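Participant: Got a predicted structure here, sequence first:
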Amino acid sequence: MAKLTVDMDAGVIGALQELEGRSYEIIAKAVDAGAKEAEGVILDSLLATISPAHQNGELVNAFGRTPVDSNGAGFINSKIGFREPRKDQSGSMDTKGGKRRSYYVRTNAMIANVIEHGSQARNIPARPFLKPVQKKAEQLAEAEILRVFDEEVGDL
């Protein structure tokens, strides 16, 4: 899915150091607000792309964002995408040797990819829902991150 990176200049980093230990809390709140904005834009686009019969389906229900987290390198993030597995994802079959073997039928990410890019093998046309709104989602997320950050820092 889309990746949003906000680089901070030395002035912002200096201001963060003066926040006396609240910097993670403030940045996490800002990142969550930005991810929520981007999630809404992408979900609206997905709903406009798929048929009304599928708008309450498993793919839409699996769409969302992760809680804000920090990786080992100090990056604070929230990911937007599809949860797995699907209810119909796993199965099994007998191999030639008579052993049962598990396999995956389909995943939410695979279905979203086919919607976005289509499939020549199955003659499914592309119905992009992410590419047309990616820049808008990034801009709204960045604006919301900065707004919440300024609001939180201004309260100190």
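Facilitator: Arrived safely.
Participant: Extract the residue ranges of the chain that are flagged as low pLDDT.
Facilitator: Counting by pLDDT under 70, the chain contains low-confidence ranges at 1-17, 20, 89-96, 98-104, 155-156.
Participant: how deep is residue 32 tucked in, by neighbour count?
Facilitator: 19 (other C-beta atoms under 10 Å). Placement of C-beta: from N, CA and C, glycine included.
Participant: so how far is residue 137 from the nearest residue in space to it that is not next to it in sequence?
Facilitator: Once flanking residues are discounted, residue 32 sits nearest to residue 68: 4.9 Å by C-beta to C-beta, 6 or more residues apart in numbering. Per C-beta to C-beta, to the nearest Å, residue 68 is found 17 Å from residue 137.
Participant: of these two, who's got more company?
Facilitator: More crowded of residue 68 and residue 137, by other C-beta under 10 Å: residue 137, with 24 against 19.
Participant: Now do the contacts for residue 129.
Facilitator: Taking C-beta atoms under 8 Å, 6 or more residues apart in numbering, we find residue 129 in contact with 42, 45-46, 48-50, 115-116.
Participant: Sort out for me which of those residues are in helices.
Facilitator: Assigned to helices by DSSP state H, the following of the contacts of residue 129 qualify: 42, 45-46, 48-49, 115-116.
Participant: what about the residue in the chain sticking out farthest from the centre, helix or strand, and which?
Facilitator: Outermost residue of the chain with respect to the C-alpha centroid, by C-alpha atoms, centre = their mean, is residue 97; its distance is 41.4 Å. If you go by DSSP states H and E, residue 97 is not part of any helix or strand.
Participant: Just want to check the distance between it and residue 85.
Facilitator: Using C-beta to C-beta, we find residue 97 at a distance of 26 Å from residue 85.
Participant: Please apply the same query to residue 26.
Facilitator: Residue 26 sits 35 Å away from residue 85, going by C-beta to C-beta.
Participant: Settle it for me: which of these two has more neighbours?
Facilitator: Comparing residue 26 with residue 85 by other C-beta under 10 Å, the one with more neighbours is residue 26, at 18 against 13.
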